[in-house]
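A.B. asks: Make a model of this:
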Amino acid sequence: MKEFKTILNAYQATDFTKRKAALATVVQVKGSSYRSPGARMLMLDNGRWVGSISGGCLEGDALRKARQVILSGEARTITYDTSNDDDNQLGIGLGCNGIIDILIEPIDASLDHNPITQLEAFLKYDNLGAMATVFESDVPDIPVSSTVEYNHLSKTIGQSDLLNQLLKNDLLEVINNQKPQIKDYPIANGSIKVFFELIQPGIDLLIFGGGFDAKPVTELAHTLGWNVRVTDECVAHLVPINFPLADQLQPCKREFVAKDIKITPFTAVVLMSHNLKYDEEVLSQIIGSDAPYMGILGPKKRAEKLFSTLRNKYHIDISKEQMNKIHAPIGLDIGAETPDEIALSIISEIQAKFSNRSGGFIKYRTGPIHHRDGKEDQVFRQVYLKNCFPKRKAN
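C.D. replies: Residues are numbered from 1 along each chain as shown. Okay, here's the model as predicted:
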């Protein structure tokens, strides 16, 4: 989500009476690639860009292609084959062993609905979103870059009735199964190829406790583009100067946590108040929430006291599923000692949790770094968290 925010901020800061722009989106990857499908880059006609579609090796050529797209006013898909070490199509042999399709679309800022405003709409969602984008087409009525999206109102909206009816059921299937895909559609007068993308909200970090060691956690989370909230029952702890990068500082008495604090399936909860009684009350109220991650600062024996109190005082038997969500002691084992190192350990563990990864050394990973479809070795960005949208049946 940080990339979306950065692109949107750059778009809003651009004077389109003087500048023109295009948006590049990775729509298909076969083999290895630095970025997964869904990665985006906003490019201006003066050579500036925001976001990325690779590790820096494709951006220069994409800028040249973007100028052509801006001049023609027509979207096009560019294919880069980085699998050949001796292929000098970009002036260098990349040797990344992948084939990457990039959709480049001209941006008309005068339109209320364009590729950037679509991203803005997804930023406002509080749930999973999905979009189907045509990136290959020889059908006159369905040009490249045509889309159908699944919005926060649980409706599918296509840029044409034909496309909406054609893709609606498959888009709902992607939502229900939470699996992106690429699909070909033969049509009477041609065919189209479509990228089905799941768009996940950014991580919502909720910190209970406004101590000095919470500050580096908020700063690092902000750097990653997460939404950061800090709450404490002591107003004196929530001094804005101590948490300049927090999105929200919310005082809340411990007994009102369940009532006043919002928790979603995209919320990571961190308990770091250094107050055992406070943590007991908070944990008793949030243990049954939708948060997929709950981290508790402190040694293992402290956590065991918390669990014992939940059983004996609050009569809460922690289920296996709930225990899987709780991380105590919090953080990855990186030898952290200082507040900044501990913050890195905490944030890294949360990232691993939301990505369904173990947090180990990549060198020891036996499979590919990115999730791949075994049939065609296609790379997809996966979503592992709970989908709040009600399942809908295809028509």
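A.B. asks: Isn't Ser32 up against Gly98?
C.D. replies: Yes - counting by C-beta atoms under 8 Å, Ser32 does reach Gly98; the two are 4.3 Å apart. For the C-beta atoms, the positions are set from N, CA and C on the backbone; glycine is no exception.
A.B. asks: Need the residues touching each of the two.
C.D. replies: Contact criterion C-beta atoms under 8 Å, 6 or more residues apart in numbering; residues shared by Ser32 and Gly98: Thr82.
A.B. asks: what helix or strand is Tyr125 on?
C.D. replies: Assigned by DSSP states H and E, Tyr125 belongs to no helix or strand.
A.B. asks: So which residues of the chain form helices?
C.D. replies: Ranges of helices within the chain are 2-12, 59-72, 115-123, 161-177, 215-223, 257-260, 276-286, 300-312, 320-325, 339-354, based on DSSP state H.
A.B. asks: now for those, which one comes closest to Ser36?
C.D. replies: Closest to Ser36 of those is helix 2-12 (C-beta to C-beta; 11.6 Å).
A.B. asks: That closest one: which residues count as buried?
C.D. replies: For helix 2-12, the neighbour count (16 or more other C-beta atoms under 10 Å) marks Glu3, Phe4, Ile7, Leu8, Ala10, Tyr11 as buried.
A.B. asks: Now flag whichever of those is closest to Leu171.
C.D. replies: The closest of the buried residues of helix 2-12, once distances to Leu171 are taken by C-beta to C-beta, is Phe4, at 19.7 Å.
A.B. asks: tell me the contacts of Val144?
C.D. replies: Applying C-beta under 8 Å, 6+ apart, we find Val144 in contact with Glu74, Ala75, Arg76, Thr77, Leu103, Val134, Phe135, Glu136, Ser137.
A.B. asks: and the closest residue to it other than its chain neighbours, what is it in contact with?
C.D. replies: Excluding its sequence neighbours, the residue lying closest to Val144 (C-beta to C-beta, 6 or more residues apart in numbering) is Ala75, at 4.7 Å. Going by C-beta under 8 Å, 6+ apart, Ala75 touches Val69, Leu103, Ile104, Glu105, Pro106, Pro143, Val144, Ser145.
A.B. asks: of all the helices of the chain, which lies closest to Ile53?
C.D. replies: For those, the distance to Ile53 is smallest for helix 59-72, at 6.2 Å, taking C-beta to C-beta.
A.B. asks: list the helices and strands the closest one packs on?
C.D. replies: Judged by 3 or more C-beta pairs under 8 Å, 6 or more residues apart in numbering; DSSP states H and E, the packing partners of helix 59-72 are strand 21-31, strand 40-44, strand 76-81, strand 98-107.
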